[in-house]
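Trainee: Model the structure of this input:
(chains A and B)
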2 protein chains.
Amino acid sequence: MTRAVRHDSMRARNLEVVLGEVARAGPLTRAALAELTGLTKSTVSKLVGDLIEAGILTESGPVRDGERGRPGVEVRLSGERLASLGLEVNVDYLAACLLDLAGTVRLRRRLDRDNRGADPAEVLACLRSLAEELLGAANRLGLSVAGASLAVSGTVEDGLLSNAPNLGWRDVRAAELLALPLPVELDNEANLAALGELWFGAGAERDFLYVSGEIGIGAGLVVDGSLFRGPHGFAGELGHVVVSPTGPPCRCGGHGCLESYAGQEALLRAAKRAGDLPGLLAALAGGEEFATSACAEAGRALGVALTSAVNLLDLDRIVLGGIFAKLYPWLCTAVEDTLRARLGGLRGSSPVLTASELGGDAAILGAARQVVERVLATPGDYLSLTRG
Amino acid sequence: MTRAVRHDSMRARNLEVVLGEVARAGPLTRAALAELTGLTKSTVSKLVGDLIEAGILTESGPVRDGERGRPGVEVRLSGERLASLGLEVNVDYLAACLLDLAGTVRLRRRLDRDNRGADPAEVLACLRSLAEELLGAANRLGLSVAGASLAVSGTVEDGLLSNAPNLGWRDVRAAELLALPLPVELDNEANLAALGELWFGAGAERDFLYVSGEIGIGAGLVVDGSLFRGPHGFAGELGHVVVSPTGPPCRCGGHGCLESYAGQEALLRAAKRAGDLPGLLAALAGGEEFATSACAEAGRALGVALTSAVNLLDLDRIVLGGIFAKLYPWLCTAVEDTLRARLGGLRGSSPVLTASELGGDAAILGAARQVVERVLATPGDYLSLTRG
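Mentor: As a prediction, this is how the structure comes out:
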């Protein structure tokens, strides 16, 4: 290793340490940063200067530095120069958001669109339009976009959307088809929605299962603040947990999977409201028997699948997202009763069930924030982004 | 922190580093250890001396030190001075083994005994006799026993066996009732058996689900060489994954749990061989219809529960242990066919299924080795053990 390389790598490490402290502990003076990191004040000043120049940090007005009475200037994450995009292709909608580095959502877009069986290139061209709209807005706001993360409702392997049974897609290079002029990473929708719940959700819980109810049903397991992905990133396929082995056929080739009882289509069909979620919600609000019993039935199936998940994963908290959050008032009793009846004997208590408050935005929020987390973790890679 | 405390903590850390290299990389000269750890040769010599005196390391005969032609003496883990006990209380047997620090099993004991509904104090007194026999043998062999780990077929919470439905035990302080004159830690049987498979099993796999088939059915998930325990250590309750929600009642209070189809009692009942596992094995060897169809039925139920586990946990490899290892030839086709039919559509391939080669010893081996791993990880705590 040459001396220059070693110096660069030490500088990168120190940038990470300084930025990590600001991201964790909020606005801090340079003096406080020197104390927290053990770096000299002049090193901290140089690093903070670089981070300010890159638009990653910004200065607040002068503050009194505690007891000592000396005025200090604090630095904090800047939301004025850098941002990220969260994008989503789901079965019946496209969505996008623009998130600045300080964590404020600047813009959201959502487009209802039936993507089943559609040409991936066509669907991703449509998402590109949404994304370009947000990139244009970012430009007008003076924000450089560090990258995008794309949520897809299917299994992702080595950057490839390998299988999305509800879209009818296999082996789609979704990030490449999107063809945006910035780095785009691909991830599973339920995984990103679970991270959205972790970072933007109501609770500060660090252990939970997030259940994503859409046309398909996925889940993201958060353990001690990190996503459990499994060896190939396929963990959390709750939709294909078996509810009853002789049940109705499922798109995956199996029978009696959760999705065939509680997926959006099965649920609407049972409620005699095929293809009409707003109609189902209206019917539920009006107390229609077909609608409420269909939800209770779906809730029981969800309770059975979640019983298996709790037994395998030792869960204390389950967050229902997507359409399950909207249907929560009509699902929750059946889910909770099933969990209590099946888990009480062994575990003593059943897990706490809540509805996500992020609605359909969980995945795009998690996606956008994942890019921000990357900038905060490796700021050295983003120093020149706002200088072009 | 005083200077003495800081020195002690640095010495403890250096002992760990040196011992870690020997445990990882096999016999090494002091010179090689100095190179690998970056410590000075005199520091390494002092640390190695302490580890030899404590009976943790031992010297091999002189070897030529590679190209340089200078003779060196290698040090390696000693199996002559320190050992650990692995103990198990299961529903229909007790077991124990004595493992030395170098990883050789010195002695094993197994006692068939119906522990269902028995007084915990009485059962643990019986296990104490087995353990004392091994402690006596260790003494005669010149081995000091660093500690014991006790595997129990139930949920363990804060050192308490909180619920063992197949034993009919609740809130049993099993380690205290055992009353051995050495530290005893308590852990779930399937967890320890999974670790046994990791450390003593045929493959060198670092990601797998170990399924423990006994009266109850448990599982231990190994992810990247570590056990996934879940927030309370209750993960892996495969026996209560739902196979069919309207199935037969289960001891846990639920219906149609895997255990009610493929637990030892259900299986023997279906094969018309209640309470007689050797009889079932003989009937299977003789090709008796009742026996083979009961195994196929249990295999299909196991396949359904494992489908749910694979979907949730993204598993590539499943190891069947306990009675499932003995019944493997008559179970495996049904399990594999079920997995293939249900998982092929989504995952492309189904996981590799194998039988554990450790038989009923997996849990005691994992238990004993867990104690050895603790000695290797924190040698400073064990330096004076062989000096009493």
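Trainee: What residues does the stretch 151-300 of chain A have near chain B?
Mentor: Contact residues, the stretch 151-300 of chain A versus chain B (C-beta under 8 Å from any C-beta of the partner chain): A:155, A:162-163, A:165, A:207, A:219, A:221, A:223, A:228-246, A:251-255, A:300. Where you see a C-beta, it was placed from the backbone N, CA and C, and this is true even at glycine.
Trainee: please redo it, this time with the cut-off set to 6 Å
Mentor: A:207, A:230-232, A:234-235, A:237, A:240-242, A:244-245, A:252-254 (C-beta under 6 Å from any C-beta of the partner chain).
Trainee: ok, which pair from the residues you listed is furthest apart?
Mentor: A:Asp207 and A:Gly253 (32.5 Å; C-beta to C-beta).
Trainee: My read is that A:Thr37 contacts A:Val17, right?
Mentor: Yes: at 5.2 Å, A:Thr37 counts as touching A:Val17 under the criterion of C-beta atoms under 6 Å.
Trainee: sec struct for the residue nearest to A:Ala179 when sequence neighbours are not counted, please.
Mentor: With C-beta to C-beta, 6 or more residues apart in numbering or on different chains as the measure, A:Arg128 is the residue that lies nearest to A:Ala179, at 6.6 Å, once sequence neighbours are left out. Recorded secondary structure, A:Arg128: helix (DSSP: H, G, I helix; E, B strand; the rest coil).
Trainee: A:Arg128 - how many residues pack around it?
Mentor: 18 (other C-beta atoms under 10 Å in any protein chain shown).
Trainee: residue boundaries of the helices in chain A?
Mentor: In chain A, helices defined by DSSP state H lie at A:3-25, A:30-37, A:41-53, A:120-140, A:174-178, A:189-200, A:259-262, A:264-270, A:277-285, A:289-313, A:323-326, A:328-347, A:362-377, listed in chain order.
Trainee: Format the ones you listed as a markdown table; extra columns: mean pLDDT.
Mentor: What follows is those, written out as a markdown table (pLDDT from 0 to 100):
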| stretch | mean pLDDT |
| --- | --- |
| helix A:3-25 | 84 |
| helix A:30-37 | 93 |
| helix A:41-53 | 95 |
| helix A:120-140 | 97 |
| helix A:174-178 | 96 |
| helix A:189-200 | 95 |
| helix A:259-262 | 96 |
| helix A:264-270 | 93 |
| helix A:277-285 | 94 |
| helix A:289-313 | 96 |
| helix A:323-326 | 94 |
| helix A:328-347 | 92 |
| helix A:362-377 | 96 |
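Trainee: returning to that earlier point: distance check, the residue nearest to A:Ala179 against A:Ala96.
Mentor: 10 Å (C-beta to C-beta, to the nearest Å).
Trainee: re the thing from before, kindly reformat the helices of chain A as a markdown table and extend each row with distance to B:Pro27.
Mentor: Output for the helices of chain A, formatted as a markdown table (distance: least, C-beta to C-beta, whole Å):
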| stretch | distance to B:Pro27 |
| --- | --- |
| helix A:3-25 | 34 |
| helix A:30-37 | 41 |
| helix A:41-53 | 44 |
| helix A:120-140 | 57 |
| helix A:174-178 | 49 |
| helix A:189-200 | 45 |
| helix A:259-262 | 55 |
| helix A:264-270 | 62 |
| helix A:277-285 | 67 |
| helix A:289-313 | 41 |
| helix A:323-326 | 58 |
| helix A:328-347 | 47 |
| helix A:362-377 | 40 |
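Trainee: Tell me which of the ones you listed lies nearest to B:Glu357.
Mentor: helix A:289-313 (24.8 Å).
Trainee: show me what contacts A:Leu177?
Mentor: Shown in contact with A:Leu177 (C-beta atoms under 6 Å, 6 or more residues apart in numbering or on different chains): A:120-121, A:124.
Trainee: Which one of the residues in the stretch 101-250 of chain A is closest to chain B?
Mentor: A:Gly230 (2.5 Å; C-beta to the nearest C-beta).
Trainee: my read: that residue touches B:Asp314, true?
Mentor: Yes: counting by C-beta under 6 Å, A:Gly230 touches B:Asp314, with 2.5 Å between them.
Trainee: which intervals of the stretch 101-250 of chain A have sub-threshold pLDDT?
Mentor: Low-confidence segments of the stretch 101-250 of chain A, defined by pLDDT under 70: A:203-204.
Trainee: 80 instead?
Mentor: By pLDDT under 80, the low-scoring segments of the stretch 101-250 of chain A are A:202-204.
Trainee: just to revisit the earlier point, let's see if you can find the most crowded of the residues of the stretch 151-300 of chain A next to chain B.
Mentor: A:Val241 (31 neighbours).
Trainee: Could you pull up the residues touching that one?
Mentor: A:258, A:305, A:308, B:308, B:311.
Trainee: before we move on, back to that, of the contacts of A:Leu177, buried ones?
Mentor: With burial judged by 16 or more other C-beta atoms under 10 Å in any protein chain shown, the buried subset of those is A:120, A:124.
Trainee: Columns distance to A:Leu82 on top of the contacts of A:Leu177, output as JSON lines?
Mentor: JSON lines is the format used below for these (distance: C-beta to C-beta, whole Å):
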{"residue": "A:Pro120", "distance to A:Leu82": "30"}
{"residue": "A:Ala121", "distance to A:Leu82": "30"}
{"residue": "A:Leu124", "distance to A:Leu82": "25"}
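Trainee: near chain B too, which of the contacts of A:Leu177?
Mentor: Of the contacts of A:Leu177, not one also sits near chain B (C-beta under 6 Å from any C-beta).
Trainee: of the contacts of A:Leu177, closest to B:Asp100?
Mentor: The closest of the contacts of A:Leu177, once distances to B:Asp100 are taken by C-beta to C-beta, is A:Pro120, at 59.6 Å.
Trainee: Go ahead and confirm the closest one touches A:Arg173.
Mentor: No: between A:Pro120 and A:Arg173 there is no contact under C-beta under 6 Å: 8.6 Å.
Trainee: show me what contacts the closest residue to A:Arg30 other than its chain neighbours?
Mentor: Distances taken as C-beta to C-beta, 6+ apart place A:Val44 nearest to A:Arg30, at 5.2 Å, with adjacent residues excluded. Residues near A:Val44 by C-beta under 6 Å, 6+ apart: A:30, A:33-34.
Trainee: cool, and A:Asn90?
Mentor: Per C-beta under 6 Å, 6+ apart, neighbours of A:Asn90: A:153, A:214.
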